[in-house]
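1. Got a predicted model here, sequence first, then my questions.
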Amino acid sequence: MTLVSLARSSRTTVGSIFQTVWSYRTYATSSQESKQAQPPITPAPIQESPLSLVDQGVTATGAATRGDTVSEFSSTLPQSRVPSATQLPQAVKKEVKKDLSGGVYLIRPIGVRSPPHPDDNTGIDKRTKEQKRADFTNYDKHLEKRRQLLKEFSKSYFAEVKEFGENLGKEWTAPKSYFKADKALYMPNFFGTTVASSSSIGTTSVLKGKISIVRLYSALSGEKQVNTYFASNAEAYGDVPVEKGYQIVDISVPESFVKSYISKFFEYRTKAKIGKTRQNTFFYGTKLPGDLNLSIGFVNKFAGYVYLVDKDCKIRWAASGPASDEEKESLQRSLAGLIGESASNVQK
């Protein structure tokens, strides 16, 4: 009985497996036949915008060949949608600055408002004991001195080097004409020694009563720049005849005590290259205190500056950095105008 039951169950299991395999084979065959009988599906055409058609080079007739030109299709587009030459990739041209100052002209007078004196900015403390005591206990005085020291030491040495490399000290372009006497400001006094004498003297005593071309610099690079305002080195360093009605004054301001000592040591070279009468007007000056340097635009010790100063020590014309042809003509024109103005005042 047990053997009969086992045989029946085995026959049932084998039959069920065979039936499952046969059903799967029938389903696979029918699926393949139905797939072959189904017609292929064609994709719907894509509606492209006019701009995409232009990008692909499609013509007005709808041809999809990329060899067709855009100009054939541009007739069907609005004028605002037609790509122009400026919309196409252009070669980037590097901008070259012809004017180192950036086109900044000096349109306002520079200088100080108070008339200078030969004993100004000597660096000698002439205060009395009472004044020193009062300043020592004055909190506002301490804050002002602290502000000046912070401003001086916060400026990096390499900042001026970088600025000089960018614009060669050309902070502004000289004006085309000189300033009026009633609007001009004064040239501050520089205190120092001359090539002819070791005695200290102020520049105001030399500038007073004469029309002067003042050349101001601290480094050799600045000296070379101020020479560009003259036709030749002979004119830049030579004697100026009295009948011309003006003088040339050089003010060399060494930035440190060491450079000042070196300049004095090689003073014999300066004597050899300048005229004999120029030795009395060649100064080794000291730094101006406070913000007086900024008042005359003397902001870069590597650059050179040229000023046209009248008989009253007023700055009537100023330039910085290397000279352009326009500035050379402006200097000579302004100099001739000041000489004529001085002559007319004398006749009156």
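-> That came in fine, so what should we check first? Note that the structure is a prediction, hence the values are computed from the model and not measured.

2. in the stretch 51-200 of the chain, which spans are helices?
-> For the stretch 51-200 of the chain, the helices defined by DSSP state H, counting those that start in this stretch cover 129-136, 139-154, 157-167.

3. Any chance of those in TSV with distance to Y186 as columns?
-> C-beta: built from backbone N, CA, C; applies to glycine. Below are those laid out as TSV (distance: least, C-beta to C-beta, whole Å):
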stretch	distance to Y186
helix 129-136	25
helix 139-154	22
helix 157-167	26
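
4. got JSON lines for those, with mean neighbour count, mean pLDDT and distance to K276 too?
-> Below are the helices of the stretch 51-200 of the chain laid out as JSON lines (neighbours: other C-beta atoms under 10 Å; pLDDT from 0 to 100; distance: least, C-beta to C-beta, whole Å):
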{"stretch": "helix 129-136", "mean neighbour count": "10", "mean pLDDT": "79", "distance to K276": "44"}
{"stretch": "helix 139-154", "mean neighbour count": "10", "mean pLDDT": "74", "distance to K276": "39"}
{"stretch": "helix 157-167", "mean neighbour count": "13", "mean pLDDT": "79", "distance to K276": "33"}
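
5. Mind jotting down where the strands sit in the stretch 101-250 of the chain?
-> For the stretch 101-250 of the chain, the strands defined by DSSP state E, counting those that start in this stretch cover 185-186, 191-194, 201-202, 212-217, 247-252.

6. Mind giving me the packing neighbours of the last one?
-> Going back to what we said before, that points to strand 247-252. In terms of contacts (3 or more C-beta pairs under 8 Å, 6 or more residues apart in numbering; DSSP states H and E), strand 247-252 is packed against helix 204-207, strand 212-217, strand 282-285.

7. any idea which of those is most buried?
-> Highest mean neighbour count among the helices and strands packed on strand 247-252 (mean count of other C-beta atoms under 10 Å): strand 212-217, with a mean of 24.

8. Quick one: mean pLDDT over that one.
-> Averaging pLDDT along strand 212-217 yields 95.

9. do stretch 318-329 as well
-> 93.

10. how about that stretch: buried residues?
-> For stretch 318-329, the neighbour count (16 or more other C-beta atoms under 10 Å) marks A318, A319, S320, G321, P322, A323, S324, E327, K328 as buried.

11. What of stretch 292-302?
-> So stretch 292-302, judged by 16+ other C-beta under 10 Å, has buried residues L292, N293, S295, I296, G297, F298, N300, K301, F302.

12. same question, stretch 302-321
-> Those would be 302-311, 313-321, for stretch 302-321 by 16+ other C-beta under 10 Å.

13. and if you look at stretch 169-189?
-> For stretch 169-189, by 16+ other C-beta under 10 Å, it's 169-175, 178-179, 184-189.

14. So, low pLDDT: which residues of this protein?
-> Counting by pLDDT under 70, the chain shows low-confidence ranges at 1-103, 123-126, 151-157, 347-348.

15. can we see that at 50?
-> 1-4, 6-7, 46-98 (pLDDT under 50).

16. follow-up on the earlier one: nearest to P118 among the helices of the stretch 51-200 of the chain would be which one?
-> helix 129-136 (21.9 Å; C-beta to C-beta).

17. Would you mind naming the residues that bridge with F191?
-> Per DSSP bridges, the residues bridged to F191 are G202.

18. right, and it touches S199 too?
-> No - counting by C-beta atoms under 8 Å, F191 stays clear of S199, with 11.4 Å between them.

19. Of the two, which one has the most company?
-> F191 (20 against 7; other C-beta atoms under 10 Å).

20. quick one on the thing from earlier: quick one: which of the helices and strands packed on strand 247-252 is nearest S342?
-> strand 212-217 (11.8 Å).

21. Neighbouring strands of that closest one in the sheet, and parallel or not?
-> Strand 212-217 is paired, per DSSP bridges, with strand 247-252 (parallel), strand 304-309 (antiparallel).

22. which ones are touching V214?
-> M187, T203, L207, V249, I251, V306, Y307, L308, V309 (C-beta atoms under 8 Å, 6 or more residues apart in numbering).

23. can you tell me which of the residues you listed lies nearest to D120?
-> Using C-beta to C-beta, these come closest to D120 at T203, 9.7 Å.

24. Excluding chain neighbours, what is closest to that closest one?
-> Leaving out its chain neighbours, the residue that sits closest to T203 by C-beta to C-beta, 6 or more residues apart in numbering is F190, at 4.4 Å.

25. correct me, but the one you found touches Y284?
-> No - checked against C-beta under 8 Å, the pair F190 and Y284 is beyond contact range at 9.4 Å.

26. what about stretch 197-215, how long is it end to end?
-> One end of stretch 197-215 sits 19 Å from the other (C-alpha to C-alpha, to the nearest Å).

27. let me fix that: stretch 150-165
-> Per C-alpha to C-alpha, stretch 150-165 runs 25 Å from first to last residue.

28. One more: stretch 310-324?
-> The straight-line separation of the ends of stretch 310-324 (C-alpha to C-alpha) is 23 Å.

29. sorry, back to before: closest to E223 out of the helices of the stretch 51-200 of the chain?
-> Taking C-beta to C-beta, helix 157-167 is the member of these nearest to E223, at 14.0 Å.

30. What helices and strands are in contact with that closest one?
-> Where contact means 3+ C-beta pairs under 8 Å, 6+ apart, helix 157-167 is not packed against any helix or strand.

31. quick one on the thing from earlier: could you list which of the buried residues of stretch 292-302 belong to helices?
-> L292, N293, S295 (DSSP state H).
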